[in-house]
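# Only the shape, not the letters, is given here:
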Ligand SMILES: [Ca+2]
């Protein structure tokens, strides 16, 4: 797909519209970042052994556009730490000023660098047109507040149309960017045609903190639908995803208009892979 270069974190293939074709749910960096990317002003990453250290190590330099000019994301101190040879060229902050990457590094080093470009950071769905092409459709603004690293499709409100649960966050990033922690998981109600609308948290009861890295639907002991939430450096979390009713149709048990997913309970400590047992998420009563 032209112009779809991004910092994609996750892809899920699922028939979102009942067409019999697999659409894609795509988690990207999101749009709540210092970094902005567009078709004409991509974020670039230059990778090369700019320090000429001879150890085979490479450095990555990210640039983004501000007022029509691409500047390195890293400041003088950060660049000098990874490329010490620049100290002679930029003895002061004043000398560094608003240098472009072309002002900082020799053209030969840049010519030999691997360059990667990102042109969109919006998390999206890609709708399968059935002729080998896809149409990229960004998810709503509420889904762009944080990077998405996991998605799960399912009919969570029982209206017969496929909905989405998305989640993510990213803590280990450069100070200039700040950590991406705005997501508490988000339920997106599908209209069956590839459009999705954010569901308020007080309706969805979805409140997942941490760095979510995977979502999977599982069955509980009596057949109830549960969503397993895998988080970096944290316990596995189980959410309830509606309940079967007479006739087997999935229906919500939350407040009217709700979407049916709510925190069920954390796994008992013995089932926690990392052995930690303290709980910051006490069970919620229905
Ligand atoms: Ca639905």
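Done, it's in. The structure displayed is predicted, hence computed values, not measured ones.
# need the contact list for the residue found closest to residue 12 once you drop the neighbours it is linked to in the chain.
Spatial nearest neighbour of residue 12, excluding adjacent residues (C-beta to C-beta, 6 or more residues apart in numbering): residue 25 at 4.3 Å. C-beta coordinates here come from the backbone N, C-alpha and C atoms, glycine included. Applying C-beta atoms under 8 Å, 6 or more residues apart in numbering, we find residue 25 in contact with 10, 11, 12, 14, 16, 125, 151, 153, 164, 166.
# go with 7 Å
Going by C-beta atoms under 7 Å, 6 or more residues apart in numbering, residue 25 touches 12, 14, 125, 151, 153, 164.
# do residue 86 as well
By C-beta under 7 Å, 6+ apart, the contact set of residue 86 is 79, 80, 104.
# got the phi/psi numbers for it?
Note on residue 86: its backbone torsions stand at phi -80, psi -10 [degrees, to the nearest 10].
# low-scoring stretches of this protein, by residue?
Scanning the chain with the threshold set as pLDDT under 70 gives 242-286.
# Is there proximity between the helix or strand containing residue 188 and the ion?
Using DSSP states H and E, residue 188 maps to strand 186-190. No. Strand 186-190 stays clear of the ion (C-beta under 5 Å from the ion), getting no nearer than 5.6 Å.
# returning to what we had before: if you rank the contacts of residue 86 by neighbours, which is first?
When neighbours are counted by other C-beta atoms under 10 Å, residue 79 leads those with 23 neighbours.
# which residue packs closest to that one, ignoring adjacent ones?
Closest residue to residue 79 apart from its sequence neighbours, by C-beta to C-beta, 6+ apart: residue 86 at 6.1 Å.
# Next, work out how far apart that neighbour and the ion are.
From residue 86 over to the ion the distance is 55 Å, taken as C-beta to the ion, to the nearest Å.
# now swap in residue 88 and tell me
Separation of residue 88 from the ion (C-beta to the ion): 62 Å.
# Straight-line length of stretch 150-158, end to end?
End-to-end distance for stretch 150-158, by C-alpha to C-alpha, to the nearest Å: 22 Å.
# again with stretch 224-240
This stretch, stretch 224-240, spans 8 Å end to end (C-alpha to C-alpha).
# How far does stretch 81-100 stretch from one end to the other?
Terminal residues of stretch 81-100 are spaced 18 Å apart (C-alpha to C-alpha).
# All further residue positions should be reported with the first residue as 34.
Got it, first residue is 34 now, which makes that one stretch 114-133.
# In it, which residues are buried?
Buried residues in stretch 114-133, counting neighbours by 16 or more other C-beta atoms under 10 Å, are found at 115, 116, 119, 123, 129, 132.
# Likewise for stretch 174-187?
Buried residues in stretch 174-187, counted by 16+ other C-beta under 10 Å: 175-187.
# Any chance you could list what contacts stretch 127-135?
Contacts for stretch 127-135 (C-beta under 7 Å, 6+ apart): 79, 94, 96, 102, 103, 104, 105, 109, 123, 143.
# For the stretch 184-319 of the chain, what lies in contact range of the ion?
Proximity of the stretch 184-319 of the chain to the ion, by C-beta under 5 Å from the ion, involves residues 188, 190, 192, 194, 196.
# Compare these and tell me which is most surrounded.
Neighbour counts for these (other C-beta under 10 Å) peak at residue 196, which has 27 neighbours.
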